[in-house]
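Visitor: Predicted model follows, preceded by the sequence.
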Amino acid sequence: MPDPGVRRTRAVRRTISLLAITIALPLPALAQSTVELPARDTRLDGAMQTVFAIGKAEGQAWETFSNVPAVAFDKAANLYVLDRDNARIVVFDRTGKYLRQIGRKGEGPGELGLPLALAVTNDDRVVVFDLANNALTVFKTDGSYQTVVRPPSGVRARPGSRIFPHPSGGVVLTGSQLPDMEAGPGAQIRETLPLVLVPLDGGAPRTLYEAPSPPPMVNAGGSADRREVRVMPPPAFSPEVSFATLPDGRIAVSHGAPYAVRLVGPQGVASVLSRPITPRTVSERDKNAAKEQRRQALRTGEGQIRMEMVNGRRSVSVGGGGMPEQAIERMLGEMTFAETIQVVRGVRSDADGRIWVRRDGGPGQYDDGPIDIVTADGKYVGSITGSELPYTFGPNGLAAFIETGEYDVPRVVVRHVPATWK
């Protein structure tokens, strides 16, 4: 369980996104099998034990972080922490000992502008999605710079997305539902969110799955030399897409309101893990909690991506000052809500290929529900309560959490999964 006194970090959902994508043809249909999981929870005893924690308000440069959007493990259980505003990756061994720093702020080879996502591949490469350069910057795990992969127009990550290593090589990322900033009037907003495999050694990106997703609301304007785009999220509690890659190359994907985790292989959806849990109706308590979450995000500016295209030059910034209170209250008054709440609130996969499924936690606590642990072949292991969903997993039962401590100082905590949960 999380350490006492630590306030959990809440990612701002539906981060403002102004990136673009156009993608491949739909995948071929495949006969699907449905695996019905038990209706009742089986509680798993025990709790995660802290191995080490990193992140201080004051200390050495390597242990003070500005903002941590992502972490990852390599196969040796070394931990990689992406420090966004300092534009670097800080590496620690399995005991929390500092090893090295990778990257630095800048615009040259091996330098980063606005890094937002991170993955470490099985062939010892560290991949960073850098929004400022709109590219994947690739390093070796020893810190040496390797290359930059610039996905072609139509295969671009979006702000707020994650990237996952794929055992075939390359990384899997989500595209965007929005048209290019350069696109003229009439550009279409997609009603699906593509999951795209991007090779790191050449080759064409490949769409693995297209997940239905409510599109954002977009207002575009401006002149030929200055494009202005305002993006608003869909109604609060609209179903979100959550996915994770499995060690065998399949992808576990959740979208829509019911409990349904789709296992996607080379030919499409092969099976669906399902539980007979009915999506519940959005309550007033849920609406108030969502408004407060949105209020805090608008006050601080955290999670908001600003992108401008002026005379063909693209600039990107994140966060910044918040909005005036009057404008915030006006926007909150205009919020709309879906009728039901998605049962599955998040999906992860551990090093053993098991799938961790965070469920709705009830009125006002929709991100704090139980976590189901299920094997990739559909065996229900059990459920746990009172724990955050790990951000990522490492070998030997390790799990990493991104949290905030006193004074909102970001920190990363590595814990060990008890043997009783296997």
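Guide: Yep, it's here.

Visitor: Can you name the residues that contact residue 54?
Guide: Contacts of residue 54 were listed using CB atoms under 8 Å, 6 or more residues apart in numbering, and they are 63, 79, 81, 92, 96, 411, 412. Where you see a C-beta, it was placed from the backbone N, CA and C, and this is true even at glycine.

Visitor: Can you pull up the most central residue in the protein?
Guide: Centroid-nearest residue in the chain, with CA atoms, centre = their mean: residue 162, separated by 3.8 Å.

Visitor: those helices in this structure, which residues are they?
Guide: Counting by DSSP state H, the chain has helices at residues 284-300, 325-333.

Visitor: quick one, which of those is nearest to residue 370?
Guide: helix 284-300 (17.5 Å; CB to CB).

Visitor: List the buried residues of the closest one.
Guide: With burial defined by 16 or more other CB atoms under 10 Å, the residues of helix 284-300 counted as buried are 286, 287, 289, 290, 291, 294, 295, 297, 298, 300.

Visitor: so how many other residues sit close to the closest residue to the fourth one other than its chain neighbours?
Guide: Same thing as residue 290. Nearest residue to residue 290, sequence neighbours excluded (CB to CB, 6 or more residues apart in numbering): residue 236, at 4.5 Å. Residues contacting residue 236 under the criterion other CB atoms under 10 Å number 20.

Visitor: follow-up on the earlier one: can you tell me the closest non-neighbouring residue to the residue nearest to the centre of the chain?
Guide: Distances taken as CB to CB, 6+ apart place residue 117 nearest to residue 162, at 5.5 Å, with adjacent residues excluded.

Visitor: so how far is residue 414 from the one you found?
Guide: Remark: distance between residue 117 and residue 414 (CB to CB, to the nearest Å) = 20 Å.

Visitor: try residue 170
Guide: Counting by CB to CB - residue 170 and residue 414 are separated by 26 Å.

Visitor: cool, and residue 168?
Guide: In this view, residue 168 and residue 414 are 28 Å apart by CB to CB.

Visitor: ok, now residue 213?
Guide: The spacing between residue 213 and residue 414, counted by CB to CB, is 32 Å.

Visitor: So these two - more neighbours on which side?
Guide: Neighbour count, other CB under 10 Å: between residue 213 and residue 414, residue 414 has more, with 24 against 20.

Visitor: quick one, strands of the stretch 51-200 of the chain?
Guide: Ranges of strands in the stretch 51-200 of the chain, per DSSP state E, counting those that start in this stretch, are 70-73, 79-83, 88-92, 98-102, 104-105, 111-112, 115-120, 125-130, 135-140, 145-149, 163-165, 171-174, 192-198.

Visitor: Make JSON lines from those strands and add distance to residue 277, mean neighbour count and mean pLDDT to it.
Guide: Formatted as JSON lines, the strands of the stretch 51-200 of the chain follow (distance: least, CB to CB, whole Å; neighbours: other CB atoms under 10 Å; pLDDT from 0 to 100):
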{"stretch": "strand 70-73", "distance to residue 277": "30", "mean neighbour count": "24", "mean pLDDT": "98"}
{"stretch": "strand 79-83", "distance to residue 277": "34", "mean neighbour count": "26", "mean pLDDT": "97"}
{"stretch": "strand 88-92", "distance to residue 277": "38", "mean neighbour count": "24", "mean pLDDT": "98"}
{"stretch": "strand 98-102", "distance to residue 277": "42", "mean neighbour count": "16", "mean pLDDT": "98"}
{"stretch": "strand 104-105", "distance to residue 277": "46", "mean neighbour count": "13", "mean pLDDT": "94"}
{"stretch": "strand 111-112", "distance to residue 277": "42", "mean neighbour count": "22", "mean pLDDT": "95"}
{"stretch": "strand 115-120", "distance to residue 277": "30", "mean neighbour count": "24", "mean pLDDT": "95"}
{"stretch": "strand 125-130", "distance to residue 277": "33", "mean neighbour count": "25", "mean pLDDT": "95"}
{"stretch": "strand 135-140", "distance to residue 277": "37", "mean neighbour count": "20", "mean pLDDT": "95"}
{"stretch": "strand 145-149", "distance to residue 277": "40", "mean neighbour count": "16", "mean pLDDT": "95"}
{"stretch": "strand 163-165", "distance to residue 277": "26", "mean neighbour count": "22", "mean pLDDT": "94"}
{"stretch": "strand 171-174", "distance to residue 277": "25", "mean neighbour count": "25", "mean pLDDT": "91"}
{"stretch": "strand 192-198", "distance to residue 277": "23", "mean neighbour count": "23", "mean pLDDT": "90"}
